[in-house]
Structure formats: C-alpha cells, structure tokens
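Colleague: how would this look folded up:
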Amino acid sequence: MKKSTPLWKKLSVKNLFKQKPDRFVELLIQQASLTEEGMRALVEYFKKPCDETAEAVSKLEETADEIRRILIDELNRTFVTPFDREDIHALSRAIDDMLDYAYTTTVEMEILDVAPNNYMLEIGQRLAKMASEVHLGVQRLSDHSSVTMSHAVRAKQIENQVERLYREALADLFHQPKDAEHIVEMLKYRETYRHMSNAADRGDEAANILSDIVVKMG
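Modeller: Alright, predicted model coming up:
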C-alpha cells in the first residue's frame, strides 16, 4: 500500500513558497481565448444581426468576466507570482476590456437600432485577428517569450489598421447629406464606431503589457 506524504514535508518552507507559475498564465490564456471567440461572434453578429448572435457575444463576455474574477481572487491569495502582479492585473483588465467593448457594441446597436455596414464588418474582422494575436502572445509567454513579442507587434499593427478604418468611417459619415435625419443617424453610427475603436485601443494596451512582461523577464 502506497504511503502518503508526511505532513512535515507538506509544510516545509520550500513547499510553502512554491510558485504556481502556470495558474495565472492558464487563466490569462482562458481569458484571451474567450476574447478571440467573442470577437469572432461579433463578426457573425455583423453578418447576421439578431438576438441569437447578440446573445452569443453576451454569453462569452459573461464567461470571461467569471474567469477574470477567479484570476483576481487567486492574485489576492497568492504570495509569489510568475511575473509582476501589477502586470498580471493590467493584462487581465486590458483583455477583459476588449471583450467588454465588443459586447457594448452589440448593446448600443440594439438600443439605437443601428444596422451593420461594411466598415463595421472590416473593423470586426481586424479585431478578431488582433484578439488572436494577443491570445497567441499569452500562450507563448511561459516558454517562448520572443514569439510573444512578435505577436504583440502584430497586434499593434492591426490597431493602426483599425484606427485608419475608424477615421475613414467617420469621414464617410460627415460627407453624407446633412439633413436632420442624417445627423441623428450619424450620431448613432459614431457611437457604435467609438466602441469598436475602444476595443482596439485595449488590444493595443494588452500588446504593450505583453511586451513589458517579456522585457522584464529578460
């Protein structure tokens, strides 16, 4: 019969301060994976706006929020972390914000009765690619940090593409006929575009934090 580990060994100083490096990375990967999935769900919403596709984005956002709550709880109860706890917290928040803005995009469109257009679809597709780069960057963080840096650079390049599309979309709005009805529509679309631009900004922030973590890891 196999003997169990003596209690004194379990309570040794080495074990008390043993790091759990994979736990936080695992949770960040889960968050990033859900965010990528959420961005793809947003693209599907733009292709087919209905309650079902909007609900898909909402469900993913709720699940990702739960993962973030678990991460914060673990962070508060853990003495040693694989890298700066401030960076873990900031990266988790940035990834969470990306998906939050995808969700609020669908909410605003439903409330304001905004129909998707080609600008939204193009921006949404780039947000999905950006979320994929962040997801890959987090996945490589533990053992291939130089690859993480490459994905962070790509995510930042995509943010520039989203920013360009955002400005083109706004310029197009302002060049349309200026009657009262158009002004109302213009305000609705500008609000929707703003949420998507904010999602890209948070993706850029996540990329910056990933780069900082890699630099600190040496």
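Colleague: which secondary structure element is home to the spatially most central residue of the chain?
Modeller: Centroid-nearest residue in the chain, with CA atoms, centre = their mean: residue 95, separated by 3.0 Å. In the assignment (DSSP states H and E), residue 95 maps to helix 85-112.
Colleague: give me the mean pLDDT for that helix.
Modeller: Averaging pLDDT along helix 85-112 yields 96.
Colleague: what are the buried residues along that helix?
Modeller: Buried residues in helix 85-112, counted by 16 or more other CB atoms under 10 Å: 87-106, 109. Placement of C-beta: from N, CA and C, glycine included.
Colleague: what is that helix packed up against?
Modeller: Secondary-structure packing of helix 85-112 (3 or more CB pairs under 8 Å, 6 or more residues apart in numbering; DSSP states H and E): helix 21-47, helix 51-77, helix 118-139, helix 180-217.
Colleague: what is the burial count for the spatially closest residue to residue 116 that is not a sequence neighbour?
Modeller: Spatially, and ignoring its direct neighbours in sequence, residue 116 is nearest to residue 46 (4.1 Å; CB to CB, 6 or more residues apart in numbering). Look at residue 46: counted by other CB atoms under 10 Å, it has 22 neighbours.
Colleague: what do you get for residue 206?
Modeller: Residue 206, neighbours per other CB under 10 Å, totals 34.
Colleague: tell me, what's the model's pLDDT at residue 15?
Modeller: 47.
Colleague: would you turn the helices and strands packed on helix 85-112 into CSV with distance to residue 150 and mean pLDDT?
Modeller: Output for the helices and strands packed on helix 85-112, formatted as CSV (distance: least, CB to CB, whole Å; pLDDT from 0 to 100):
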stretch, distance to residue 150, mean pLDDT
helix 21-47, 16, 94
helix 51-77, 25, 96
helix 118-139, 8, 98
helix 180-217, 10, 93
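Colleague: to residue 146, which of the ones you listed lies closest?
Modeller: helix 180-217 (7.5 Å; CB to CB).
Colleague: so the residue nearest to the centre of the chain makes contact with residue 205?
Modeller: No - using CB atoms under 8 Å, residue 95 makes no contact with residue 205, being 9.3 Å away.
Colleague: list residues touching both of the two?
Modeller: Residues touching both residue 95 and residue 205 (CB atoms under 8 Å, 6 or more residues apart in numbering): there are none.
Colleague: from residue 116, how far out is residue 196?
Modeller: Distance of residue 196 to residue 116, computed by CB to CB, to the nearest Å: 11 Å.
Colleague: looking at these two, which has the bigger crowd around it?
Modeller: Set residue 196 next to residue 116 and count neighbours by other CB under 10 Å: residue 196 wins out with 24 against 19.
Colleague: from memory the more buried one sits against residue 128, does it?
Modeller: No - counting by CB under 8 Å, residue 128 is not a contact partner of residue 196; they are 11.6 Å apart.
Colleague: I'd say residue 122 and residue 165 touch.
Modeller: Yes - using CB under 8 Å, residue 122 is in contact with residue 165, at 5.6 Å.
Colleague: neighbour-wise, which of these two wins?
Modeller: For residue 122 versus residue 165, neighbours defined as other CB under 10 Å are more numerous around residue 165 (21 against 17).
Colleague: contact partners for the closest residue to the more buried one other than its chain neighbours?
Modeller: In this structure, residue 165 finds its nearest non-sequential neighbour in residue 123, 5.2 Å apart by CB to CB, 6+ apart. Counting by CB under 8 Å, 6+ apart, residue 123 makes contact with 162, 165-166, 169, 193, 196, 200.
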